[in-house]
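S.K.: sequence and predicted model, in that order:
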Amino acid sequence: MKPKLQIPEIPEEDQTPVVKALLVLLEQFAERIQEQDEEIARLKNEINILKGEKKRPVFKGSQLDAQTDSDEPGPDDNSSGEGQPKKRAGSSKRRKNSQLTIHEDKTVPPEEPVPEGARFKGYRDFVVQDLVIEVHNTRYRLERWVTPEGKEIVGQLPAALKNRHFGPQLTRYILYQHHHCQTTQPLLLEQLREWGVDISAGQINQLLMADQALFHAEKEALLQAGLSASDYVTVDDSGARHQGKNGYVTQIGNEFFAWFSSTDTKSRVNFLALLRAGHQDYVLTEAALCYMQQQKLPAAPLAALRQHVGQRIASRGDWEELLASLSITRTRHLRIATEGALLGSVLDHGLCDDLVIVSDDAGQFNVLQHALCWVHAERLIHKLIPLNDLHREDVARVRGQVWDLYRDLKAYKRQPDEATRATLTRRFDAVFTQRTRFATLDRTLKGIHRNKAELLRVLDRPEIPLHTNGSETDIRDYVKKRKVSGGTRSEEGRRCRDTFISLKKTCRKLGISFWQYLADRLDIGDQSIAPLPDIVRERAAATTY
């Protein structure tokens, strides 16, 4: 292992302006060398994987949120929750068999003969859980009749079959295994054939993708319900391959719902288009023009667009025609104008009037009322490479100050008041404007301080979270799906992937069994689960912060 770069410690009295400038330069060079070493290590790791060798171990990320939950935050703090220690596994016991439905009773007498005069003392129950997995084939014999007039009358198949040769229980199982358990289609085919199901790879693919309009409609309505009923959403994105090309998936959600959409880009235009929640129009409102002005759209195109204020453009094609007719052709001008018109559409439909968007500081998410994730901000300090003991002391001290401030912000969320708000604002300035003995750390703190408004948004809106952990947890399932199954080939396959992961994650957040949800929507059972958008609205309305 290469020895770490060490910059000699020079006493303060010997640090002339020239020496200080040289030390800053040395820190920059050392930081660049460190980045190059990391890049070389990453490339070596990829080469090792291609050779079939072991890859480097993955280290855990920042534990800032867990570390600030106890009264004494620190790097070894293992508590969780709002100041409450973790419960040991099994600390709240329940009777294992109390909730089980008994399907069959079997009475077992003693093996030895019962002597005369013995008294019967009842039973000692021993409950065994098991599964019965078997193929069940049904032949529907549709009666055919011919009336005296020659008209043929034929019996009809149950509606739940949808005229397929595979029943709803089998369809339910395939959907659950593929979308919930990440089972690939080849493994499903092998498993079903081993059980005696006569099915082909193409038929499995059809059951996964064909006639899913009901699920797609519920997924699209989910975003509109979540945006209109919520005070905030957290957002994130990740890679999503499609047709052999790299694409992106965007996640939008909170504690009530999760919604995913795969697209070819992850620009702000794309994000604003998704926030329209299914609407396809572009609206030139005063808010849209104000946004364009803030983004420094030149006066000439801004004046041309102002002539159409209040106009609603129905489709993307019509919007492009309008821009062309106004001689707005430069790429930057097209982008700003399109972003503004999309923002006008979002606000005009009343979906995000008072919505806070919490992100990891990716530029495409910086719209509306924007807040930043503290875990990602602290990670910038955590990733710094100290070059001597003085640097290490300063990094440790500053991280401790950030932990303290973060913990107190969490306490403020529970009980906000004006005096505490003013104190926290002053403490933020003190932490992120201080001068240390590590020039790179000073630059990092200065960069974080520029995001003061977004990081302290919680002072105005105590209901919002201080991190995007929820989004990162949600999108982890998508990443696992990508690693297991690779990418999608058809547009319908990509759409189904987004739909079912959105519905699955939302069911989990609402405490609904995805297995029972599929049964409900496939007309198996009593259809007792209400539409998920309605449940999201109900839960959001019942939540008080």
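M.R.: Good, I have the coordinates.
S.K.: use CA for all of it now, contacts and neighbours both
M.R.: OK.
S.K.: give the buried residues for stretch 398-410.
M.R.: Residues of stretch 398-410 classed as buried: Val398, Arg399, Gln401, Val402, Trp403, Asp404, Leu405, Tyr406, Arg407, Asp408, Leu409, Lys410 (neighbour count, 16 or more other CA atoms under 10 Å).
S.K.: now stretch 250-258
M.R.: Buried, per 16+ other CA under 10 Å, within stretch 250-258: Thr250, Gln251, Ile252, Gly253, Asn254, Glu255, Phe256, Phe257, Ala258.
S.K.: so the third one: helix, strand or coil?
M.R.: Meaning Ile252. The local conformation at Ile252, judged by DSSP: H, G, I helix; E, B strand; the rest coil, is strand.
S.K.: so who does the spatially closest residue to it that is not a sequence neighbour touch?
M.R.: What sits nearest to Ile252 in space, not counting adjacent residues and going by CA to CA, 6 or more residues apart in numbering, is Val235, at 4.7 Å. Going by CA atoms under 8 Å, 6 or more residues apart in numbering, Val235 touches Thr250, Gln251, Ile252, Gly253, Ile357, Val358, Ser359, Asp360, Phe365, Thr468, Ser471.
S.K.: give me that answer again for 10 Å
M.R.: 250-254, 258-260, 271, 357-360, 362, 365, 468-472, 474-475 (CA atoms under 10 Å, 6 or more residues apart in numbering).
S.K.: Asp534 now?
M.R.: Ala221, Leu222, Ala225, Gly226, Ala540.
S.K.: helix or strand for it, just tell me which one.
M.R.: Here Asp534, judged by DSSP states H and E, is contained in helix 532-542.
S.K.: next, the buried residues of that helix.
M.R.: Leu532, Pro533, Ile535, Val536, Arg537, Ala540.
S.K.: cool, stretch 485-502 as well?
M.R.: Gly487, Thr488, Gly493, Arg494, Arg495, Cys496, Arg497, Asp498, Thr499, Phe500, Ile501, Ser502.
S.K.: out of those, which sit inside helices?
M.R.: Applying DSSP state H to these, the entries found in helices are Gly493, Arg494, Arg495, Cys496, Arg497, Asp498, Thr499, Phe500, Ile501, Ser502.
S.K.: now do His179, the pLDDT please.
M.R.: The model reports His179 with a pLDDT of 93.
S.K.: brain fart, Gln99
M.R.: pLDDT for Gln99: 80.
S.K.: before we move on, what about Met209?
M.R.: We have a pLDDT of 93 for Met209.
S.K.: shouldn't it be in contact with His179?
M.R.: No. The pair Met209 and His179 fails to qualify as a contact (CA atoms under 10 Å) at a distance of 11.5 Å.
S.K.: which residues does the helix or strand hosting Tyr517 contact?
M.R.: Using DSSP H and E, Tyr517 maps to helix 514-521. Applying CA under 10 Å, 6+ apart, the external contacts of helix 514-521 come out as 160, 168-169, 171-173, 175-177, 180, 214-215, 500, 503-508, 513, 522, 524-532.
S.K.: run the last query once more with 8 Å
M.R.: Under CA under 8 Å, 6+ apart, the answer for helix 514-521 is Gln169, Arg172, Tyr176, Lys504, Cys507, Arg508, Gly525, Asp526, Gln527, Ser528, Ile529.
S.K.: filter the residues you listed down to the buried ones, ChimeraX style.
M.R.: Under the burial definition 16+ other CA under 10 Å, those of these that qualify are selected in ChimeraX by:
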select :169,172,176,504,507
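S.K.: make a markdown table out of the contacts of helix 514-521 and add pLDDT, distance to Thr16 and secondary structure.
M.R.: Shown next, in a markdown table, are these (pLDDT from 0 to 100; distance: CA to CA, whole Å; DSSP: H, G, I helix; E, B strand; the rest coil):
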| residue | pLDDT | distance to Thr16 | secondary structure |
| --- | --- | --- | --- |
| Gln169 | 94 | 79 | helix |
| Arg172 | 95 | 74 | helix |
| Tyr176 | 96 | 69 | helix |
| Lys504 | 96 | 62 | helix |
| Cys507 | 97 | 63 | helix |
| Arg508 | 95 | 61 | helix |
| Gly525 | 75 | 81 | coil |
| Asp526 | 79 | 81 | coil |
| Gln527 | 80 | 78 | coil |
| Ser528 | 87 | 77 | coil |
| Ile529 | 93 | 73 | coil |
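S.K.: between the contacts of helix 514-521, which is closest to Ser327?
M.R.: Relative to Ser327, the closest of those is Lys504; by CA to CA it sits at 46.2 Å.
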